[in-house]
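S.K.: Dropping the sequence and predicted coords here.
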Amino acid sequence: TEETLILVKPDGVARGLTGEVLRRIEAKGYKIVDLRMVNASRELLEEHYEEHAGKPFFGPLVEFMASGPVVAVRASGNRVIEGFRSLAGATDPTVAAPGTIRGDLGRDWGAAVTQNIVHGSDSTLSAERELALWFA
Ligand code: GTP
Ligand code: MG
């Protein structure tokens, strides 16, 4: 069965939303296979977000992700990659649909980087790559 990497980002952890995110993963029926709290190094984050290297928000994104602990989750289930992306909602929490994690729990804080609570792998290839990084 398929696996994905989910991250509760530093804003989600700082706001005490870790339990709520885990609850939604489990309530949907996905299995939490592994879980760890990580103070991610810039090296790890630059590799994690390599597809965004060179974009104007790359530096601030890495700084934001290094600003506090992150909760990394290995979750499994049929089509969990696509399914969690759907649970998370659109990247921009202002327009993410109500009912989604970002739509229900996020908003625009006026910060330099979108603080949108969670990350989820976007393909089987990224899931394999990201799980290897965070659960080495
Ligand atoms: P992830 O699951 O975190 O990868 O989010 P995503 O797949 O919905 O978005 P994407 O991979 O395109 O971007 C990664 C992260 O960079 C986003 O979740 C945001 O935190 C941030 N981000 C994306 N686009 C922008 C942008 O235009 N401006 C800023 N400031 N941040 C952005
Ligand atoms: Mg992405």
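M.R.: Happy to help now that I have it. All values reported here derive from a predicted model rather than from experimental measurement. Ligands and ions are numbered 1, 2, ... in the order given.

S.K.: where exactly do the strands run in the chain?
M.R.: Assigned by DSSP state E, the chain shows strands spanning 3-8, 31-38, 70-76, 118-120.

S.K.: out of these, nearest to residue 56?
M.R.: For residue 56, the closest of the strands of the chain is strand 118-120, at 19.2 Å, according to Cβ to Cβ. No exception for glycine: its C-beta is placed from N, CA and C like everyone else's.

S.K.: residues in contact with the residue nearest in space to the middle of the chain?
M.R.: Centroid-nearest residue in the chain, with Cα atoms, centre = their mean: residue 119, separated by 1.6 Å. Contact analysis of residue 119 by Cβ atoms under 8 Å, 6 or more residues apart in numbering lists 5, 6, 7, 9.

S.K.: Please name the bridge partners of it.
M.R.: Per DSSP bridges, the residues bridged to residue 119 are residue 7.

S.K.: what about it, distance to residue 134?
M.R.: Residue 119 is 10 Å from residue 134, where distance means Cβ to Cβ, to the nearest Å.

S.K.: what do the two both touch?
M.R.: Both residue 119 and residue 134 are in contact with 5, 7, where contact means Cβ under 8 Å, 6+ apart.

S.K.: In TSV: the strands of the chain, plus distance to residue 98 and mean pLDDT.
M.R.: Converted to TSV, the strands of the chain look like this (distance: least, Cβ to Cβ, whole Å; pLDDT from 0 to 100):
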stretch	distance to residue 98	mean pLDDT
strand 3-8	20	99
strand 31-38	25	98
strand 70-76	23	99
strand 118-120	16	98
